[in-house]
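Chemist: This is a predicted model, with the sequence first.
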Amino acid sequence: MSSTSIDDLLSFEEERPGRAGRSRGGRVGRVFRALAGIAAVVVVLVAGLRVVGLQVSLLVLVAGVVALFVVRRVVAALAPPPPSRAGARVPAGDDDGTWNWGARDALRTAINGWERPLDWCESSRERFAERVLPWLGELADERLRQRHGLTRESDPARARDLLGDRLWTFLSTPSRRPPSPRDLAAIVAELEKI
């Protein structure tokens, strides 16, 4: 039996590209794409300038386009991540320069994935039954599958015994109103006990 918590299920691990991804998008590929982009921009500029009757040294044009590409790359690397829709929280205290603003916060991503639908469903039991209840059912099935090798669909009688009457009824019968935060906390605690 593996011991997996809901936190483990909600965690985020970024996959690293394999060898196939490196050969196609490695350093040589990036340099080649950059050179091809620079050449294309220079050709368009030369053609455009000739159409208007202006002549500019090719060396000056290439240097200018390379400078623009470098500035664009540096600005993209230094740009802060876009603000989240829920409103980004700035860490308290002074930033010592070690904070990685570009890294994804797996916990924040998981919380936002639940927080928004819970907010939307606060006053509508139909939305709760359509959006949140299936997620909770999937979590219960995953816990049952990992710990006991079954799901609610594959062995309903045993799943009901393992889940308990309260959790089974909650997952199988839509309620008249969305549960309160205290009720949801109790349900999550019961899911953790499975």
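Modeler: Perfect, thanks for sending it. Residues are numbered from 1 along each chain as shown.

Chemist: Find the centremost residue of the chain, please.
Modeler: The residue lying closest to the centre of the chain (CA atoms, centre = their mean) is T109, at 6.1 Å.

Chemist: Helix or strand for that one, just tell me which one.
Modeler: helix 106-120 (DSSP states H and E).

Chemist: Go ahead and confirm T151 touches L144.
Modeler: Yes - between T151 and L144 there is a contact under CB atoms under 8 Å: 5.7 Å. C-beta coordinates here come from the backbone N, C-alpha and C atoms, glycine included.

Chemist: Show me which of those two is the more surrounded one.
Modeler: Neighbours were counted for T151 and for L144 using other CB atoms under 10 Å; L144 has more, 21 against 17.

Chemist: Over to the more buried one. Which of the three states is it?
Modeler: helix (DSSP: H, G, I helix; E, B strand; the rest coil).

Chemist: That one: what's it in contact with?
Modeler: Shown in contact with L144 (CB atoms under 8 Å, 6 or more residues apart in numbering): L150, T151, R152, A159, L162, L163, I194.

Chemist: run the last query once more with 6 Å
Modeler: Neighbouring residues of L144 by CB atoms under 6 Å, 6 or more residues apart in numbering: L150, T151, A159.

Chemist: Just these: which are in helices?
Modeler: Of those, the ones assigned to helices by DSSP state H are A159.

Chemist: Turn the contacts of L144 into a markdown table, columns for pLDDT and distance to A47.
Modeler: Below are the contacts of L144 laid out as a markdown table (pLDDT from 0 to 100; distance: CB to CB, whole Å):
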| residue | pLDDT | distance to A47 |
| --- | --- | --- |
| L150 | 91 | 68 |
| T151 | 89 | 64 |
| A159 | 90 | 70 |
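
Chemist: could I have stretch 125-141 exported to PDB, CA atoms only?
Modeler: Extracted C-alpha coordinates of stretch 125-141, given in PDB (Å, rounded to 0.1, in the frame of the first residue of the first chain):
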ATOM      1  CA  ARG A 125     -26.100  24.300  -5.500                       C
ATOM      2  CA  GLU A 126     -26.400  23.500  -9.300                       C
ATOM      3  CA  ARG A 127     -22.900  24.900  -9.900                       C
ATOM      4  CA  PHE A 128     -21.600  23.100  -6.900                       C
ATOM      5  CA  ALA A 129     -23.100  19.800  -8.200                       C
ATOM      6  CA  GLU A 130     -21.700  20.400 -11.700                       C
ATOM      7  CA  ARG A 131     -18.200  21.700 -10.800                       C
ATOM      8  CA  VAL A 132     -17.000  20.700  -7.300                       C
ATOM      9  CA  LEU A 133     -18.800  17.500  -6.500                       C
ATOM     10  CA  PRO A 134     -17.300  15.600  -9.400                       C
ATOM     11  CA  TRP A 135     -13.800  16.700  -8.300                       C
ATOM     12  CA  LEU A 136     -14.400  15.500  -4.800                       C
ATOM     13  CA  GLY A 137     -15.700  12.200  -6.300                       C
ATOM     14  CA  GLU A 138     -12.500  11.800  -8.300                       C
ATOM     15  CA  LEU A 139     -10.400  12.400  -5.200                       C
ATOM     16  CA  ALA A 140     -12.400   9.800  -3.300                       C
ATOM     17  CA  ASP A 141     -12.100   7.300  -6.200                       C
END
